[in-house]
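J.: dropping a prediction and its sequence here:
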Amino acid sequence: MNERELLQPQTDRLHVFISSRMQELEDLRAHLHRELKKISIDAFVYEVELGARPDDPETVSLLQVERTDIFVLVIGRSYGEITEREYDRARELNKPCLVYERLGRSTTDEKLQRFIDKLSGPRGVPSRSTFQNAVDLAEKVAKDVHEWLVREYQRLSVERSASPESSRVVHLERMKNFTSITDSDFNREVTESYRPVLVYFWAEWCKECQPLMQTVQTVSAEMGARIKIVLLNVDENPRMTRLHCIEMVPTLILFISGEERERIQGLTNRAHLFSTIDMQLQDKPDSHSDLGKQPGSKEKDLVENQRVEQDVMQNKDKPVRDTVFISYSRRDARWLEMVKTHLKPFERDGRIKRWDDTEIKSGQLWKTEIDKAIGSARVVVLLVSPEFLASDFIANNELPPLLVAAETDGATILSVIIRACNYAHAENISKYQAINPPEKPLAKMSSARRDEVLSKLTERILEVLKSS
């Protein structure tokens, strides 16, 4: 098959385009290509089968992007200009994009960091996750491609029954049955609502939003007054979209008493949506609701609230320190996720109560919430990196009260050195023993060695909490 024939659409195959820095991830791409062909996904990876084109790689690659079904972006340690152009072209054509970032990636490449920052937001990456090695990447790509096929089949099934024009009219008519909210009234309509609220994050350009609206309308009719449903356009309301980490549309989030209780991304069917909401409502029978209130319940609530307020006033000078507070730079979010993974089993069984700033809910005052969490910190975990040491917010707002808690109130400080930095010269924190030596940061370790260090951190945390 010559090059021209190879570039013609192959209608009986699924076209997957793998984009990454060519020189850096060549072996990984080849492994992914082989693994996709071993399983039940008949994938055609242009880049591998066509071969690299050092004479004119961009012309060929952009043409491949136009003809692909799914765009897969793999991020390593270095920036590729052509890779960014391929991604831009895929988004311009509204191709489904799956993005995978290598865990433990350490780089000072400013162009790569700018590119990664560009990927955030609902118009950036519909699906984004991390991977450890080639085997892990192949498994995740296969799973994500399969899920995309299921959603695409559901969408096409709906579209067969209506023309594009009529389906859009029906979609808009269905939307009129619900309240549309904005950044400015989100708190009033959602977080302060006495009723459970299902927020439907959508966009004009989203093809899957039309069939999902029909499902939402059906469930709304079945639920009746048990739940309130509101709509939020992600393009017109970027603040709440970012705050709630909306990575793709459509997304449904169920709020009960102002807190997120369930999240569904992409298409779902009526039975799954109804059962998910119904289960959450049953799990909180005493949540604020305008249904089933017995006479005198408001008076009982008032008495109970007054009793709780009295208890709070009596104990306000006796803070209970029982929390693991994690202080980190936002640039090191991937390392935070690794720590959380190691702590998760002990959070589940109640032995560890963790807090970091991702716990701040919509409508809460972030500075107040951080201060409250610092006040309850028994163990303080510092994820130390150059960005951590350079952060004015950490230096001026988090570290001072945490260090006071360590000096006067028995809090234990545990530092984990993420990347090479001047930790030894940071006198305020270097006097506390680090879990790993400063000359052996996590970024320089193998994944197995990193797990050993984080397991040691977890064991130390458990020891401190058990002794308190």
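T.: All right, it came through fine.

J.: for the helix or strand hosting residue 339, packing partners?
T.: Per DSSP states H and E, residue 339 falls inside helix 333-348. Judged by 3 or more CB pairs under 8 Å, 6 or more residues apart in numbering; DSSP states H and E, helix 333-348 is in contact with strand 323-327, strand 354-355, strand 377-384, helix 447-467. Using the backbone N, CA and C atoms, a C-beta is placed for each residue, glycine as well.

J.: verify the stated contact: residue 97 with residue 87.
T.: Yes: counting by CB atoms under 8 Å, residue 97 does reach residue 87; the two are 7.2 Å apart.

J.: touching both of these two, which residues are there?
T.: Listed contacts common to residue 97 and residue 87 are 71, 73; contacts here mean CB atoms under 8 Å, 6 or more residues apart in numbering.

J.: list the buried residues of the helix holding residue 339.
T.: Using 16 or more other CB atoms under 10 Å as the test for burial, helix 333-348 gives 335, 336, 338, 339, 342, 343, 346.

J.: ok, the closest residue to the third one other than its chain neighbours - contacts?
T.: Translated: residue 338. Of all residues not flanking residue 338 in the chain, residue 454 sits nearest, at 6.2 Å (CB to CB, 6 or more residues apart in numbering). The contact partners of residue 454, by CB under 8 Å, 6+ apart, come to 338, 339, 342, 416.

J.: contact partners for the first one?
T.: What that stands for is residue 338. Residues near residue 338 by CB under 8 Å, 6+ apart: 103, 450, 454.

J.: do the same with the third one
T.: Taking CB under 8 Å, 6+ apart as the definition of contact, the neighbours of residue 342 are 451, 454, 455, 457, 458.

J.: now, which of those sits nearest residue 403?
T.: Nearest to residue 403 among the contacts of residue 342 is residue 457, at 19.4 Å by CB to CB.

J.: per-residue confidence for that closest one?
T.: Confidence at residue 457, expressed as pLDDT, is 94.

J.: show me what contacts it?
T.: 339, 342, 381, 414, 416, 435.

J.: how about 10 Å then?
T.: Neighbouring residues of residue 457 by CB atoms under 10 Å, 6 or more residues apart in numbering: 339, 342, 343, 379, 381, 414, 415, 416, 435, 436.

J.: over to residue 323?
T.: Contacts of residue 323 (CB under 10 Å, 6+ apart): 352-355, 372-380, 411, 465.

J.: closest to residue 65 among those?
T.: Of these, the one sitting nearest to residue 65 (CB to CB) turns out to be residue 354, at 41.4 Å.

J.: so what's the closest one closest to, chain neighbours aside?
T.: Counting by CB to CB, 6+ apart, the residue nearest residue 354 is residue 324, at 4.7 Å.

J.: which parts of this structure are strands?
T.: For the chain, strands defined by DSSP state E occupy the ranges 14-19, 43-45, 70-75, 97-102, 127-131, 179-180, 197-202, 228-233, 251-256, 259-265, 323-327, 354-355, 377-384, 412-417.

J.: mind putting those in JSON lines, distance to residue 146 included?
T.: Shown next, in JSON lines, are the strands of the chain (distance: least, CB to CB, whole Å):
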{"stretch": "strand 14-19", "distance to residue 146": "10"}
{"stretch": "strand 43-45", "distance to residue 146": "11"}
{"stretch": "strand 70-75", "distance to residue 146": "11"}
{"stretch": "strand 97-102", "distance to residue 146": "11"}
{"stretch": "strand 127-131", "distance to residue 146": "12"}
{"stretch": "strand 179-180", "distance to residue 146": "34"}
{"stretch": "strand 197-202", "distance to residue 146": "24"}
{"stretch": "strand 228-233", "distance to residue 146": "29"}
{"stretch": "strand 251-256", "distance to residue 146": "20"}
{"stretch": "strand 259-265", "distance to residue 146": "15"}
{"stretch": "strand 323-327", "distance to residue 146": "34"}
{"stretch": "strand 354-355", "distance to residue 146": "33"}
{"stretch": "strand 377-384", "distance to residue 146": "35"}
{"stretch": "strand 412-417", "distance to residue 146": "36"}
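
J.: ranking those strands by mean pLDDT, which is last?
T.: strand 43-45 (a mean of 55).

J.: run the chain-centre distance for stretch 415-431.
T.: Chain-centre distance of stretch 415-431: 29 Å, with CA atoms, centre = their mean, to the nearest Å.

J.: for it, measure first residue to last.
T.: Terminal residues of stretch 415-431 lie 10 Å apart, using CA to CA, to the nearest Å.

J.: thinking again about what came up before, tell me which two of the contacts of residue 454 sit farthest apart.
T.: 342 and 416, at 10.8 Å, using CB to CB across these.
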